[in-house]
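Chemist: 3D, please:
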Amino acid sequence: MFVLAAVPALAQEARTVAAGKRTALGSFALYSPVECAASSTPESRVATQPANGKVEVVPERRTVSGPQCKPFQMQVQMIYYTPKAGFRGTDYVSVDFFYAPFIEAPRTTSRRQSYAITVQ
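Modeler: Below is the predicted model:
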């Protein structure tokens, strides 16, 4: 049996970013904490576009680990935010990830990651 764990298990976060700079807000990945192996790459959709910047979800290879796993390389979905030139204040973004809860299941499970972003 292939059990999946989502990394990280964050549903809502506050972030402070520098004005005019592209900044990683977070990431999402699926792996088996039993087998210490990567799972399928989730699909993503920006649910709430930021009013004062842009958000990108970019697949990247990263080193991850779990409580019972040695660090290993896998593809994760990185969430990046870039504020509009000259903007300072608060912005908001939400990204939905869709994935199968186990191998060969349809992608019926979803997780939303929401961020309140303070641009300084």
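Chemist: Can you pull the poorly scored residue ranges out of this structure?
Modeler: Low-confidence segments of the chain (pLDDT under 70): 1-11, 101-107.
Chemist: now do 80
Modeler: 1-12, 31-35, 37, 39-41, 65-66, 100-109 (pLDDT under 80).
Chemist: what residue of it is the furthest out?
Modeler: What lies farthest from the middle of the chain is Gly86; by C-alpha atoms, centre = their mean that is 26.1 Å.
Chemist: how many neighbours does Pro33 have?
Modeler: If you count neighbours by other C-beta atoms under 10 Å, Pro33 ends up with 14. All C-beta spots, glycine's among them, are computed from the backbone N, C-alpha and C.
Chemist: Help me confirm that it comes into contact with Cys69.
Modeler: Yes: the pair Pro33 / Cys69 is scored as a contact, 6.6 Å apart, by C-beta atoms under 8 Å.
Chemist: ok, back up a step: so what's the residue farthest from the centre of the chain up against?
Modeler: By C-beta atoms under 8 Å, 6 or more residues apart in numbering, the residues touching Gly86 are Ala19, Gly20.
Chemist: ok, it to Gln120 distance?
Modeler: From Gly86 across to Gln120, the span is 13 Å (C-beta to C-beta, to the nearest Å).
Chemist: Find residues that contact each of the two.
Modeler: Common neighbours of Gly86 and Gln120 (criterion: C-beta under 8 Å, 6+ apart): Ala19.
Chemist: which non-adjacent residue is nearest the most centrally placed residue in the chain?
Modeler: By C-alpha atoms, centre = their mean, the chain has its centre lying nearest to Ser27, at 2.9 Å. With C-beta to C-beta, 6 or more residues apart in numbering as the criterion, Ser27 has its nearest non-adjacent residue at 4.6 Å, and that residue is Val76.
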